[in-house]
Structure formats: C-alpha cells, structure tokens
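Novice: kindly generate the corresponding structure for this input.
(2 chains)
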Amino acid sequence: MIFDIKEENGGMVACIHGRLDTPASVKAQQEIVPLLENADKEILLNCSELEYISSSGLRLFLTIRKETAAKGGKVIIENVSDDIKKVFMMTGFFNLFEIR
Amino acid sequence: MDNYGLDLHCEMLLEEYRHQLPLYERLQELVMQTIRDQVSQTDISVNSMESRIKEEKSFVGKLKRKGYKYSELSDITDILGVRVITFYNEEVDRIASLAESVFDIDWQNSEDKRLKHEFHSFGYNSLHYICRLREPVPAELKNFRFELQIRTALQHVWSAIQHDIGYKTELEIPIEHHRSLSRLAGLLELADNEFSRIRNAIAEYRHRINSLVQNGQFNEVVLDKESFRSYLSRRPYDKLNRKIAAITQAEVHTASLLPFVNVLKHQGLKTLGDVELMLKENVDDAYQLALYQLGTTDIDILSETIGLQNLCIVYILKNGGGKPGLIQMFEELNGPSPYNETLASIVLEQAQRLKFMNQ
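Specialist: Model prediction:
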C-alpha cells in the first residue's frame, strides 16, 4: 500500500510510502478513491516516507487537488524532502499546493 | 367564512377572488418562469425576484378602502404582484425592456414613479408595469393582469423600511419625519447614481486598458491585476513555455499566472512595457535555467507558470536580489513559510552554475 489513508479530525490524512513512480502511481489510482470521495474536506498528504515522485505521481497529486478545488476542500502537503521540493519548484507546481 | 362586513358588491368580488386563487397561482408560476428564463439569457445580475398573491386580509382591506372603484375582479391589477430587484439603475430599464418584449403592457395603468417627483422632492422610486401574458395564453388566464415592480436594491430598502415603520398609517406624522424620510430617499438616489457612475467608470477603464493592450501600447498601461489579466490574454509566455516543455516533451498543465503580478510589482515593474521588456531581455536565460533543471529528468508535466516563474527568478538574480529576493518571490506566491527559504537555496545553487550569474 502506497497511500495509507485514515480519517482524522474531520479530515483525511494520507501517509505516502516509498517511491511514487509510474507503476506505483497506476496502482495508487485506486487507493486514492477515498480521498476523491472526501474531497470536500481537508486532505493532508504526509510525505515523510515518500522517497521519490515521478510525473505520474505529480498527476495523482493534481487529480486530488482538482477534486478538492471542485468540491470545496483543500490539499495540504507536509514533511516533503528537499528532493521532492525541488521537483515541485522546477515544474512550477509549488504554488498550487499548501506545502508545510 | 369570516364576516368582513362588506357590502354586497364587495362580497361578490371577494367570492370571485377566492374562486380564482388557483388560477392566480398558475399565472404566478408562468410569469416567474418567463422572467427567470429571459433574465438567464442576459448578463443582468438581478439582486432578487419575488412574487406574491395578495392575501385575503389585504384584499379585503383594499375592498373596504376603494371597492366601489372596481366593477369586476379583473379591474384589480395587483392580485398577483411580481418584483424584480436589480443592483443598478440601468438594469431597472433593461428589465423593463425585457418585460416589454415578453408581456403585453397595459400602458394606461402602468406608472414610472421615478418620473413623478418634482425636482425638489424625493421619495418612492420604482417602475410599475401592469402586464398580461402574451399570446399564446392558456384560455383561462386570458384576461388576467398582474403588477410588475422593478426597482434597485436601494430603492427597495427605502420602500421596505418606510413600509415597516408605518409611514403609510393614517396617523398624522409630524412634518420633520416626512422630511427625514425624503432626505434619506435623496441620499439613496445619490448612492444609486454613484454606484452606476463607478460601475461605468470601471467598465470604461477596462475597455481602455484592453484596447491599449490589444494595440501593443504597453508603455502606456500601468501594471495592475486588471491590466496584467488583459496582457495575459495575449498569451505572452506560451512560446517560452512550449520551448521549456519541449525539453522533456512535457504536457503543460493550465494554471493562473495572475498571482505573479505582485512579484512583478515588487520588483519595481511599473507598466506592461516593463513586463514586456523583462520577457524580451530574460527569455533566453529563463530557458537555460529550465534546461539545467529539467534536462536530466524525465518529468513530462509542467505548470503553465513555469516560464514566468523562471523569468522572475532570472530577473531577481540579475538585478542583485539574491536569496532574499527569491524568498520574497516565494512568499508573494506561497505566503510566508520556512519552505520558501529551502526553495530559494535550491534555486540559487542551480542558477549559480549558469552563464547569466557569472557574467
């Protein structure tokens, strides 16, 4: 399991584990369904155990963001490593998410 | 049934009123639907639309006051009352024109209260149309009329408060209270006119800015959110974005570039001419930065902000902004966060390896 999802304080918390490369992202598309179904809430993506993110992983994040924007929720990303921060910065996506 | 003590004629009118209530309900549905449909086809932003069928108590009150004036029920034109409340004076007239296009107006009984005042008096302002449904009309509603009141939100406030405080009671009200209400009506009329004037001035400003931008007269346009929006409609960063995207054959994800207006202003850019010059003078270095960042990756999705973001980074660094300048940029875009300093360090480290930082 890449996305370990639980409900917490009225919102959703997802701990993301390992490498979010293309095969993992394909697999995770099913795993994020509970997040999309709760996109009217605050969704916290805890990246403390996320080692790598590919373009497919970014697309997953963007899917969650799009759904929350449509349903009135919010995505917060926390505990991001410097390497992953670099990816957000050089793709221009850093200001689409609240990153803590 | 209540005994209201009406004379025989008024009793007959009351009986007919009760009998025809279901027809008035049908009329109410049709009228409201017609108005809603028509308004939805325009850009008029209506504050509210409401309708009511006169309640029996109020109807009886009317009969008691002036039932002798009505020979039959259809002479009473306000059993169904519809009100459209707009934000601006001009939209009262637009709704009126819209009503004229879909209803038959009984001009003899319609009244523009706005024109009733002497030049030195102020008070109730509203446009009252007495209308009929236009053919084809369900046979049972053929002779039915209704009253359509159109007014601005401020006119409505004045009228509603005046009504609430019992201005229309038969009680003798001292002249100073009449004067106070008139004064308020004058004040609200002035406010209505001011709102219209401001709206028109803003629309004119937008048109002028758009026209200057579309003609490429960038030096004459002050940089602000509105002018930058107009500038962005020319898609000035698409070429750079396409070039950057080609590095990894990336798709470009749509995003708003408007938040960057604050970054540009903070960098001292005053006009769209400055923004255009910044693009021309830094486009190659912005591309080199992207090439350095993305060249060794397989990232194939980028935000539409990427070109402008890199232009800003290059501009800040070339103009001596250094790391504090980059942190400031990230703060303008993200809000304050410790994360901004990390981003600034990463960018600075990358940029230091590029030609534009070493000239």
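
Novice: name the element A:Arg19 belongs to?
Specialist: strand A:11-20 (DSSP states H and E).

Novice: buried stuff in that strand?
Specialist: Residues of strand A:11-20 classed as buried under the neighbour-count rule (16 or more other C-beta atoms under 10 Å in any protein chain shown) are A:Met12, A:Val13, A:Ala14, A:Cys15, A:Ile16, A:His17, A:Arg19, A:Leu20. Quick note: C-beta positions are derived from backbone N, CA and C, even for glycine.

Novice: can you pull out the residues in contact with that strand?
Specialist: Outside strand A:11-20, the residues that touch it by C-beta atoms under 8 Å, 6 or more residues apart in numbering or on different chains are A:1-7, A:24, A:28, A:32, A:34-35, A:38, A:41-54, A:56-57, A:60.

Novice: restrict those to those near chain B?
Specialist: By C-beta under 8 Å from any C-beta of the partner chain, the members of these lying near chain B are A:Ser54.

Novice: ok, residues contacting the following helix or strand past the strand holding A:Arg19?
Specialist: Following strand A:11-20 in sequence order, the next helix or strand is helix A:22-31 (DSSP H and E). Helix A:22-31 is contacted by residues A:Met1, A:Ile2, A:Phe3, A:Ile5, A:Gly18, A:Leu20, A:Ser54, A:Ser55, A:Ser56, A:Gly57, A:Arg59, A:Leu60 when judged by C-beta under 8 Å, 6+ apart.

Novice: if we go to 7 Å?
Specialist: By C-beta atoms under 7 Å, 6 or more residues apart in numbering or on different chains, the residues outside helix A:22-31 that reach it are A:Met1, A:Ile2, A:Phe3, A:Gly18, A:Leu20, A:Ser54, A:Ser56, A:Gly57, A:Leu60.

Novice: okay, that helix in PDB with CA atoms only?
Specialist: Written as PDB, here are the backbone C-alpha positions of helix A:22-31 (Å, rounded to 0.1, in the frame of the first residue of the first chain):
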ATOM      1  CA  THR A  22       4.800   5.300 -12.800                       C
ATOM      2  CA  PRO A  23       3.900   1.700 -11.800                       C
ATOM      3  CA  ALA A  24       3.200   2.700  -8.200                       C
ATOM      4  CA  SER A  25       1.100   5.700  -9.400                       C
ATOM      5  CA  VAL A  26      -1.000   3.400 -11.600                       C
ATOM      6  CA  LYS A  27      -1.600   1.200  -8.600                       C
ATOM      7  CA  ALA A  28      -2.300   4.100  -6.300                       C
ATOM      8  CA  GLN A  29      -5.100   5.400  -8.600                       C
ATOM      9  CA  GLN A  30      -7.400   3.000  -6.900                       C
ATOM     10  CA  GLU A  31      -6.000   3.800  -3.500                       C
END
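
Novice: in whatever helix or strand comes next after it, what's buried?
Specialist: Downstream of helix A:22-31, the next assigned helix or strand under DSSP H and E is helix A:33-37. Residues of helix A:33-37 classed as buried: A:Leu35, A:Leu36 (neighbour count, 16+ other C-beta under 10 Å).

Novice: return helix A:33-37 as PDB; C-alpha atoms alone will do.
Specialist: The C-alpha coordinates for helix A:33-37 follow below in PDB (Å, rounded to 0.1, in the frame of the first residue of the first chain):
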ATOM      1  CA  VAL A  33     -10.500   6.900  -4.400                       C
ATOM      2  CA  PRO A  34     -11.400   7.500  -0.700                       C
ATOM      3  CA  LEU A  35      -9.600  10.900  -0.900                       C
ATOM      4  CA  LEU A  36     -11.500  11.900  -4.000                       C
ATOM      5  CA  GLU A  37     -14.800  10.800  -2.300                       C
END
